[in-house]
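[1] Curious how this folds, go ahead:
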Amino acid sequence: MIHWFDLFVIFFLLASAIWSFFRGFGKEVFSILSIALGYLLASRYFVEGAPLFESFIPDRPLREMAAFTALFFFTILAVIIVGIIVRRALNIHHTISRLDKFAGFGIGIVKGGLILCIIAYPLALVPGLQEDLTKGSKAAPALIGISGAILAKFAPGLTSSVESFTGNTKSLEERKDTIKKYRKTIDNIGEKIEKGAKAVKDKVEDLSGGLDDTSNKKKTKIAPDEILPSEKDRKELDTIIDTADSGG
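    Below is the predicted model of the structure:
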């Protein structure tokens, strides 16, 4: 069975190629250049643009990622607008020939592949998604490798920010799992203490009944393990307390 990400790649490339087929080679070359220029400018100036997001994004890695994304799409939009203005100013009306369409189809596949390479590496760092992408997918490992190489080449600082952000997210998920585990342990200890208290109550009632009937008086012993948590439970509780004291 084909992996879902491989199906997504096929659909995305096909959609990009069909879109470029109707737009023609000339427009699509201009489009792919705008993507490349947007990526280069975003890679170069995302650090300088990060302070603009400081007032509403306190986390530095996330702030730098937001700056990169904003610069990337702003550059693409600006180049597209400039292209439209130039064509209208020069009164250029280009009739798309059949050859132009088929050339556009080919450049559309290249453009789709470039976009996939740009997004593959950050997408693969999302907690829980990397294993799903790389396990069984044919396209994901290649795209992730190319994407990581491009990002490391043009924006090594952003690579660190992305990995730092996703690492913090993964750490948060792990801490949530730890909290759930400790909460379950505490609930188990609480249940044992409750059972122990009930056992004490029952034994006291038995003792009271035995004192009233001296002929049937017998010695009643309360087992410590019926009242107190086990040694294993006490160790787990100590671990919880130590973890809380150390900040999680």
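[2] Helices of the chain, residue ranges please.
    Under the criterion DSSP state H, the chain contains helices at 4-23, 25-49, 60-89, 98-124, 130-134, 139-154, 156-212, 231-245.
[3] so for the shortest one, what's the average pLDDT?
    The one in question is helix 130-134. The average pLDDT within helix 130-134 is 70.
[4] ok, residue 146 touching residue 124?
    No. Residue 146 sits out of contact with residue 124 when judged by C-beta atoms under 8 Å, with a separation of 11.6 Å. In this view, the C-beta of every residue, glycine as well, is placed from N, C-alpha and C.
[5] more crowded one of those two?
    It is residue 124, of residue 146 and residue 124, that has more neighbours when counted by other C-beta atoms under 10 Å, with 22 against 17.
[6] does the more buried one really touch residue 144, like I thought?
    Yes. Between residue 124 and residue 144 there is a contact under C-beta under 8 Å: 4.7 Å.
[7] looking at the protein, which helix or strand is least sure?
    Every helix and strand of the chain was ranked by mean pLDDT, DSSP states H and E. The lowest is helix 156-212, at a mean of 60.
[8] now stretch 90-100: mean pLDDT?
    70.
[9] check contacts around the residue nearest to residue 119 when sequence neighbours are not counted.
    Distances taken as C-beta to C-beta, 6 or more residues apart in numbering put residue 147 closest to residue 119, at 7.3 Å, once the chain neighbours are dropped. Each residue near residue 147 by C-beta atoms under 8 Å, 6 or more residues apart in numbering is listed here: 116, 117, 118, 119, 120, 121, 122, 124.
[10] got the domain boundaries for this protein?
    Per the record, the chain has its domains at 4-154, 172-245, by automatic domain parsing.
[11] and the ones you listed, which one's lowest on average pLDDT?
    Among the domains of the chain, domain 172-245 scores lowest, with a mean of 59.
[12] For residue 121, give its distance to residue 102.
    To residue 102, residue 121 is 31 Å away according to C-beta to C-beta, to the nearest Å.
[13] Tell me which of these two has more neighbours.
    Legend: neighbour count by other C-beta under 10 Å for residue 121 and residue 102, higher for residue 121 (21 against 13).
[14] what's the closest non-adjacent residue to that one?
    Using C-beta to C-beta, 6+ apart, the closest residue to residue 121 is residue 147 (3.5 Å).
[15] distance of that neighbour from residue 153?
    With C-beta to C-beta as the criterion, residue 147 and residue 153 are 11 Å apart.
[16] Residue 87 versus residue 152, what's the distance?
    Distance from residue 152 to residue 87, by C-beta to C-beta: 37 Å.
[17] An error on my part: the question was meant for residue 102.
    Distance from residue 102 to residue 87, by C-beta to C-beta: 22 Å.
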